[in-house]
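Asks: the following comprises the amino acid sequence and a computationally predicted model.
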Amino acid sequence: MPAPVPITAWHWAGFILVILLFLAVDLGVFHRFARVVKLREALLWTSVWVMLALLFARGLAHWRGEEESLQFLTGYLIEFSLSMDNVFAIAMIFTAFGVAGAHQYRVLYWGIAGALLMRGLMIGVGAALLQSFQWVSLVVGAFLVLTGIQWAFSRQDIVRPEENLIVRLARKVFPVSPGFEGDRFLTWIGARRALTPLALVLLAVETTDLLFAVDSIPAIFAVTQSAFVVFTSNIFAILGLRSLYFVLAGAMRYFRYLRTGLAVILVFIGLKMLLVRWHPMPTAISLAVVLAILTLSIGVSILAGRRKKAAPDAAGRV
């Protein structure tokens, strides 16, 4: 097999440029006007992003080797699964602010643009620390284990936008219009430039995404320390999941054991990172374990939901 093609700044720039181009076409052509995203359209866009991710993995296998391709797929699955919990938080933010369904897509779109910058910075810093200080990997592993345990014994926090520090600061620094003005983030109050409530929603979504990234990005570094693989798997997963938001948001209450499954995944990845020096685990096994845990937690949730639905019906026939 030929030597892997080295990752250069041109690869980073090319990937980011292609993603930005896709986003520009998405908002400028397919979603020029505010409207509610239907189920069929959401599934179609999710399929497009999943297919692009698989094609990207195939390209990595050809140019960088099968191992890096597996690392990408594992990171992609970890980010996708952990971000499912983020979907519920975003849905609560939209509900708390009373955002109309026609304007939710625009907020998610610009949230992705912000995630590109925030996660890129976090991944760059994380990669530099892991390469410079070996003990950082032990700290990250322990953090993931503790976070997984905390997730296992806690419920999804109720989102209270009025307690969000960034939102509160924005209200103090900038004037805010009393009501929404379509899908606009900025408006005028007299002669002063002002924020609309939709801009506050965007700030709340961005800060929520940042908090979730603190858990998910270290989890992918447990699979690979390649900043390029961590970044690309993050972005593909976010893009796919944000498209699927309009499907998952209303159904998250049926995935009652999903958070438990995500907690187990975090503990597993954390232990993998802690024990890598003594018992390294092949990436293919890590991918299989994460997929099995995710499938099992969703399957058990669906079965539990069906039993709960069937119980009142059975009681009513007695």
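Replies: Yep, that arrived.

Asks: so where do the strands sit in the chain?
Replies: Listed in chain order, the strands of the chain (DSSP state E) span 186-189, 192-195.

Asks: now render those strands as CSV, adding mean pLDDT.
Replies: Putting the strands of the chain into CSV (pLDDT from 0 to 100) gives the following:
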stretch, mean pLDDT
strand 186-189, 90
strand 192-195, 90
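
Asks: where is the longest helix in the chain?
Replies: Among the elements of the chain assigned as helix by DSSP state H, the one spanning the most residues is helix 283-317.

Asks: buried residues in it?
Replies: Along helix 283-317, these residues count as buried under the neighbour rule (16 or more other C-beta atoms under 10 Å): 283, 286-287, 289-290, 293-294, 297-298, 300-301, 305. To be clear about C-beta, it is placed using only N, CA and C from the backbone, and glycine gets the same treatment.

Asks: sketch out the low-pLDDT regions of the stretch 1-150 of the chain for me.
Replies: By pLDDT under 70, the weakly predicted segments of the stretch 1-150 of the chain are 1-2, 27-28, 30-34.

Asks: next, give phi and psi for residue 257.
Replies: Backbone dihedrals for residue 257, given as degrees, to the nearest 10, come out at phi -100, psi 10.

Asks: between the strands of the chain, which one is nearest to residue 276?
Replies: With C-beta to C-beta, the closest approach to residue 276 among these belongs to strand 192-195: 46.0 Å.

Asks: residue contacts, residue 248?
Replies: Residue 248 sits next to 84, 87, 241 when contact means C-beta atoms under 8 Å, 6 or more residues apart in numbering.

Asks: nearest spatial neighbour of the second one, chain-adjacent residues omitted?
Replies: Think residue 87. The shortest distance from residue 87 to any residue that is not its chain neighbour, by C-beta to C-beta, 6 or more residues apart in numbering, is 4.9 Å, and that residue is residue 248.

Asks: from residue 94, how far out is residue 171?
Replies: Here residue 171 is placed at a distance of 18 Å from residue 94 (C-beta to C-beta, to the nearest Å).

Asks: more neighbours: which of the two?
Replies: With other C-beta atoms under 10 Å as the criterion, residue 171 and residue 94 differ in neighbour count, and residue 94 comes out ahead with 21 against 15.

Asks: thought the more buried one was touching residue 201?
Replies: Yes: in this structure, residue 94 is within contact of residue 201 by C-beta atoms under 8 Å, at 7.0 Å.

Asks: determine the residues that are contacts of both of the two.
Replies: Common neighbours of residue 94 and residue 201, counting by C-beta under 8 Å, 6+ apart, are residue 107.

Asks: got any ranges where the stretch 201-318 of the chain has weak pLDDT?
Replies: Counting by pLDDT under 70, the stretch 201-318 of the chain contains low-confidence ranges at 249-253, 309-318.

Asks: turn the strands of the chain into a markdown table, including distance to residue 57 and mean neighbour count.
Replies: Written out in a markdown table, the entries for the strands of the chain read as follows (distance: least, C-beta to C-beta, whole Å; neighbours: other C-beta atoms under 10 Å):
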| stretch | distance to residue 57 | mean neighbour count |
| --- | --- | --- |
| strand 186-189 | 39 | 14 |
| strand 192-195 | 40 | 14 |
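
Asks: can you list the ones you listed in TSV and add distance to residue 211?
Replies: Supplementary listing: the strands of the chain in TSV, determined by distance: least, C-beta to C-beta, whole Å:
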stretch	distance to residue 211
strand 186-189	25
strand 192-195	22
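
Asks: residue contacts, the spatially most central residue of the chain?
Replies: Central residue check for the chain by C-alpha atoms, centre = their mean: the C-alpha nearest the mean position is that of residue 83, 3.6 Å away. For residue 83, the residues meeting the contact criterion (C-beta under 8 Å, 6+ apart) are 212, 216, 237-238, 241.

Asks: distance check, it against residue 14.
Replies: From residue 83 across to residue 14, the span is 25 Å (C-beta to C-beta).

Asks: and if you look at residue 227?
Replies: Using C-beta to C-beta, we find residue 227 at a distance of 15 Å from residue 14.

Asks: between the two, which one's more packed in?
Replies: Taking neighbours as other C-beta under 10 Å, residue 227 and residue 14 compare with residue 227 leading, 20 against 11.

Asks: list the contacts of residue 215.
Replies: Applying C-beta under 8 Å, 6+ apart, we find residue 215 in contact with 82, 144, 147, 266.

Asks: mind redoing it with 6 Å?
Replies: With contact set as C-beta atoms under 6 Å, 6 or more residues apart in numbering, residue 215 has these partners: residue 147.

Asks: likewise for residue 219?
Replies: If you count contacts by C-beta under 6 Å, 6+ apart, residue 219 has them with 78, 144, 269.

Asks: contacting residues for the second one?
Replies: Applying C-beta under 6 Å, 6+ apart, we find residue 144 in contact with 218-219, 266, 269-270.

Asks: same deal with the first one?
Replies: Residues counted as contacts of residue 78 (C-beta under 6 Å, 6+ apart) are 219-220, 290.

Asks: and for it, nearest residue in space, chain neighbours not counted?
Replies: Of all residues not flanking residue 78 in the chain, residue 219 sits nearest, at 5.2 Å (C-beta to C-beta, 6+ apart).
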